[in-house]
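Enquirer: attaching a predicted model along with its sequence, questions to come.
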Amino acid sequence: MAVDFSLDEDQELLRREIRRFAEERVRPGLRARDLAHQFPAALVAEMGELGLLGMLVPESLGGTGQLPLTYCLAVEEISRVCPSLGVTMSVTNSVCCWPIVRYGSEELQRRVLPELASGAAIGGFCLTEPGSGSDAGAMRTTARRDGDEWVLDGEKAWITNAGPGRWFVAMAKTDPAAGKRGITAFVVPADAPGFRVGAGEEKLGLRASNTAPVFFDGCRIPAANLLGEVGEGFKIALATLDHSRLGIAAQAVGIHQRALELATEYARERVQFGVPIAEHQAVRFTLARMATELAAARALTWHAAARESSREAGRLAAEAKAYASEAANRACWDALQIHGGNGFCEEYEIARLYRDVRVTTIYEGTSEMQRLVIARHLLKS
Amino acid sequence: MEIELSEEQELLRATVRRFAAEVVAPRAKEIDASGEFPLATFRAAAELGLAGVCVPEELGGAGMDMVAYCIAIEEISKACASTGVILSVNNSLVCDPLQRHANDEQKREFLRPLASGEKLGCFALTEPEAGSDAGAVRTRARRDGDAYVLDGDKVFITNGTHADVALVFASTAPELKHRGMSCFIVPCDTPGFSRGHHEYKLGVQASGTTQLFFESMRVPAAWRLGEEGDGFKIAMSTLDGGRIGIAAQAVGIAQAAFEAALAYAQERRPFGQAIAGFQAIQFYLADMAMELDAARLLVYKAAWAKTTQKRYSLEAAQAKLFASEMAQRVTNKALQIHGGYGYTREYDVERYFRDARITEIYEGTSEIQKLVIADWVLKAG
């Protein structure tokens, strides 16, 4: 036991390798993909080959079995260059693989995880519906047992990886009268009869990630695709989100890091009133705040990741997610301000980051939901 | 990366917490009102090793690490911020530079009694015209045979009313500006040394803040700390460490305010329910907990950096900036949660709110921290 903020050798190495991959492979074409709302399937496949899509899957099931902190470092480095790929990666790792690793039957794990972990397939998570976002328990999608199958009916909204996804963890009500306790989790393959993906959303940011509605029209899946027990779905969803918040916090930290780099570079080069604007105290103070909040966000995120199996994990992850996402939003705002008019033009990277960062305070639990989670922990203890 | 306190650190926390509750807290309100310097409490704290936490045992200290020191300052400050800063000054601003720069004779003569709490130390840098611009000190030290003769005034000297030993910064070569500054260890019974009246302040009322006057004060050359001209370097490196102590103090004050607010929110029942049930109050509490956790991590990180890195100015400045501003926000929210009662002296939050304010000012204002941080960011990025 110790107070030690250093990364171990493997983590340092992995961090450097991913940074190189992100700069060399991901950065080229970034802007074009963003403008075209283009999902980079080939890059995602490369990430799979590097082991980045099954980081939380045990090696025996084809994954790389990394610690949560190591996984966060990877998400951070990918998001520093491309937040769209950051969320693509975070979703398949954290909300698809993770609950299957934790709650899936051995047979289900063997059938699904090697494919996901290798990147041969990617995954998604179907919880949110048009009428139920933060109030996830109010979902309307239903599932009824029919012989050896489950039959799902309903509609899910804003599903990351919906289009390219092959496996989905999906929540549906098996006992609508039982409220949250009537929710059950399933693993749905994209080729299940009655499964359909709607048109991709046009979004403010994260345009190179795929987001679309998913429809279950009498969608039939084998009984063996039940995840956990009947009625356990809400618990599984909350546990999954408790964990996945780490990934979004790490994504926000990566964006924040990049915003600070861009602002620093620009402030050093841009000359106004005869000196680089970095010489003006107002600009220096802004950089200082961005750097300090980045240190705080990263400390919260790494600490939450390192303590993922502790009793306070839920509160720590909520704190990390709320703080890191809000700090990253402030940092992007400040970085754009430092760029002045140039920052408002898409030619400058900060313009895209400013759009990309916005969703981090919304998805996988809004900032408001994080605060309720934190308060609940505080008032319970 | 791991943030778990060792058994020794946990034991220290428990010991100091008990001491703070039994000895420090009962007098906190009274000495805040009277301004009485808690000399007996200082001596009692010294018996636990808190006057020289990081000083090796053979030199009279407790021989513990920097994290342990932060824990001690946090726990004491939670009970009484005045006592917190008294100890912080003795540890960080007096014992620490003596440990780093004193020769064996000076260590025997001064460090040992200061670390064991037999004597109390103060740090005399600031002058009426030299606050943030510490290089502008006007106190002069002229060499005269085997002594120096000091003339000048110091202001805002914590522990000044009761100190037995002062570290005094004076210019031995005014034409060299800050490079002409030297540091002297001055017994406070030296002829020519006198003290002003107790400064009546907004907060940390009992910390013995006063002016010091030197009139033809002869200090043996043997009591010069370091070489002539080393003074500014000694002062700045000392303040780097001091900032970590003040950051820990801010965390302690904020923790006290948070705990009071959390308890009050569950007791106070307007509109037929505890205010902790209202979302607005829950969000305040969540923000307080989140920022407190972030600040404490930055404090630990700075403590870790001081132990493991050659330079830690960045981490210390970030911890100080973040923790002090956090304490301001947290004590403000705590007072708000208490409503009208919080504004009265009947409740402790009013004192926490006043005590927190100075943490943004002393041992380097927030503005100075931002300049330090921005320099690092612009150098590194």
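Expert: Looks like it arrived, so ask away.
Enquirer: please read off the pLDDT at residue B:380 from the model.
Expert: With respect to pLDDT, residue B:380 has a value of 83.
Enquirer: tally up the residues packed near it, please.
Expert: When neighbours are defined as other C-beta atoms under 10 Å in any protein chain shown, residue B:380 has 9 of them. Every C-beta, even on glycine, is put in place using the N, C-alpha and C of the backbone.
Enquirer: equivalent analysis for residue B:78, please.
Expert: Residues within reach of residue B:78, counting by other C-beta under 10 Å, total 27.
Enquirer: swap in the one 3 residues further on?
Expert: Residue B:81 is flanked by 31 other residues according to other C-beta under 10 Å.
Enquirer: burial measure for residue B:4, as a count.
Expert: Residue neighbour count, defined by other C-beta under 10 Å, stands at 13 for residue B:4.
Enquirer: and the residue of the stretch 101-250 of chain B nearest chain A?
Expert: Using C-beta to the nearest C-beta, the closest approach of the stretch 101-250 of chain B to chain A is made by residue B:247 at 11.6 Å.
Enquirer: centre of the chain to the helix or strand hosting that residue, how far?
Expert: Of the helices and strands defined by DSSP states H and E, residue B:247 is found in helix B:231-267. Offset of helix B:231-267 from its chain centre (C-alpha atoms, centre = their mean, to the nearest Å): 8 Å.
Enquirer: surely the residue of the stretch 101-250 of chain B closest to chain A meets residue B:325?
Expert: No. Under the criterion of C-beta atoms under 8 Å, residue B:247 lies out of contact with residue B:325, with a separation of 10.6 Å.
Enquirer: could you check which of those two is surrounded by more residues?
Expert: For residue B:247 versus residue B:325, the count of surrounding residues by other C-beta under 10 Å is larger for residue B:247: 36 against 20.
Enquirer: in what helix or strand does residue 334 lie?
Expert: Because you didn't say which chain, this covers chain A. helix A:313-339.
Enquirer: wait, chain B
Expert: Remark: residue B:334 resides in helix B:313-342, with elements defined by DSSP H and E.
Enquirer: state the pLDDT value of the closest residue to chain A within the stretch 51-200 of chain B.
Expert: Using C-beta to the nearest C-beta, the point where the stretch 51-200 of chain B gets nearest to chain A is residue B:67, with a distance of 4.8 Å. Looking at residue B:67, its pLDDT reads 97.
Enquirer: residue B:249 now?
Expert: Residue B:249 carries a pLDDT value of 98.
Enquirer: ok, which stretches of the stretch 101-250 of chain B are helices?
Expert: B:104-106, B:112-115, B:231-267 (DSSP state H, counting those that start in this stretch).
Enquirer: and if you look at the stretch 201-350 of chain A?
Expert: Under the criterion DSSP H, counting those that start in this stretch, the stretch 201-350 of chain A contains helices at A:233-269, A:281-306, A:313-339, A:349-356.
Enquirer: equivalent analysis for the stretch 1-150 of chain A, please.
Expert: Listed in chain order, the helices of the stretch 1-150 of chain A (DSSP H, counting those that start in this stretch) span residues A:9-21, A:30-36, A:41-49, A:68-81, A:83-90, A:98-103, A:106-118.
Enquirer: with respect to chain B, which of those helices lies nearest?
Expert: In this view, those are compared for proximity to chain B by C-beta to the nearest C-beta, and helix A:68-81 is the closest at 5.8 Å.
Enquirer: quick one: distance of the closest one to the chain centre.
Expert: Here the centre of helix A:68-81 is set off from its chain's centre by 10 Å, with C-alpha atoms, centre = their mean.
Enquirer: give me the angle between it and helix A:349-356.
Expert: 120 degrees (axes from the mean of the first three to the mean of the last three C-alpha atoms, to 10 degrees).
Enquirer: which helices and strands does helix A:68-81 pack with?
Expert: Helix A:68-81 makes packing contacts with helix A:9-21, helix A:83-90, helix A:233-269, helix A:281-306 when contacts are defined by 3 or more C-beta pairs under 8 Å, 6 or more residues apart in numbering or on different chains; DSSP states H and E.
Enquirer: got the angle between that helix and helix A:9-21?
Expert: Our comparison of helix A:68-81 with helix A:9-21, counting by the same axes, to 10 degrees, yields an angle of 20 degrees.
Enquirer: quick check, pLDDT for the residue lying farthest from the centre of chain A.
Expert: The outermost residue of chain A, judged by C-alpha distance from the chain's mean C-alpha position using C-alpha atoms, centre = their mean, is residue A:274 at 43.4 Å. What the model reports for residue A:274 is a pLDDT of 96.
Enquirer: measure it to residue A:285 for me?
Expert: Counting by C-beta to C-beta, to the nearest Å, the separation of residue A:274 from residue A:285 is 20 Å.
Enquirer: burial measure for residue 285, as a count.
Expert: Defaulting to chain A. If we define neighbours as other C-beta under 10 Å, then residue A:285 has 17 of them.
Enquirer: if you could check chain B rather than the one you did, that'd help
Expert: One way to gauge burial is a neighbour count; for residue B:285, by other C-beta under 10 Å, it gives 23.
Enquirer: in this structure it contacts residue A:376, no?
Expert: No. With contact defined as C-beta under 8 Å, residue B:285 does not count as touching residue A:376 (10.3 Å).
Enquirer: how about the residue of the stretch 101-250 of chain B closest to chain A, what does it touch?
Expert: For residue B:247, the contact set (C-beta atoms under 8 Å, 6 or more residues apart in numbering or on different chains) comprises B:70, B:295, B:298-299, B:302, B:316, B:319-320, B:322-324, B:359.
Enquirer: ok, now with 6 Å
Expert: Listed by C-beta atoms under 6 Å, 6 or more residues apart in numbering or on different chains, the contact set of residue B:247 reads B:299, B:319-320, B:323.
Enquirer: kindly report the same for residue A:45.
Expert: Residues touching residue A:45, when contacts are defined by C-beta under 6 Å, 6+ apart, comprise residue A:119.
Enquirer: now do it, the pLDDT please.
Expert: Reported pLDDT for residue A:45: 96.
Enquirer: any idea how far residue B:5 is from it?
Expert: As for residue A:45, its distance to residue B:5 is 44 Å (criterion: C-beta to C-beta).
Enquirer: same question for residue A:259.
Expert: In this view, residue A:259 and residue B:5 are 33 Å apart by C-beta to C-beta.
Enquirer: which of these two has more residues huddled nearby?
Expert: Taking neighbours as other C-beta under 10 Å, residue A:259 and residue B:5 compare with residue A:259 leading, 28 against 17.
Enquirer: which parts of the stretch 151-300 of chain B sit against chain A?
Expert: B:276, B:282-283, B:285-286, B:289-290, B:293-294, B:297-298, B:300 (C-beta under 6 Å from any C-beta of the partner chain).
Enquirer: one more time with 10 Å
Expert: Taking C-beta under 10 Å from any C-beta of the partner chain as the test, the list of the stretch 151-300 of chain B residues beside chain A reads B:258, B:262, B:265-266, B:274, B:276-277, B:279, B:281-300.
Enquirer: would you turn the helices of the stretch 201-350 of chain A into TSV with distance to chain B and mean pLDDT?
Expert: Written out in TSV, the entries for the helices of the stretch 201-350 of chain A read as follows (distance: least, C-beta to the nearest C-beta, whole Å; pLDDT from 0 to 100):
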stretch	distance to chain B	mean pLDDT
helix A:233-269	4	97
helix A:281-306	4	98
helix A:313-339	4	98
helix A:349-356	15	98
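Enquirer: related to what we said a few turns ago, which of the contacts of residue B:247 sits closest to chain A?
Expert: Sorting the contacts of residue B:247 by how near they are to chain A, with C-beta to the nearest C-beta, puts residue B:319 at the top with 8.6 Å.
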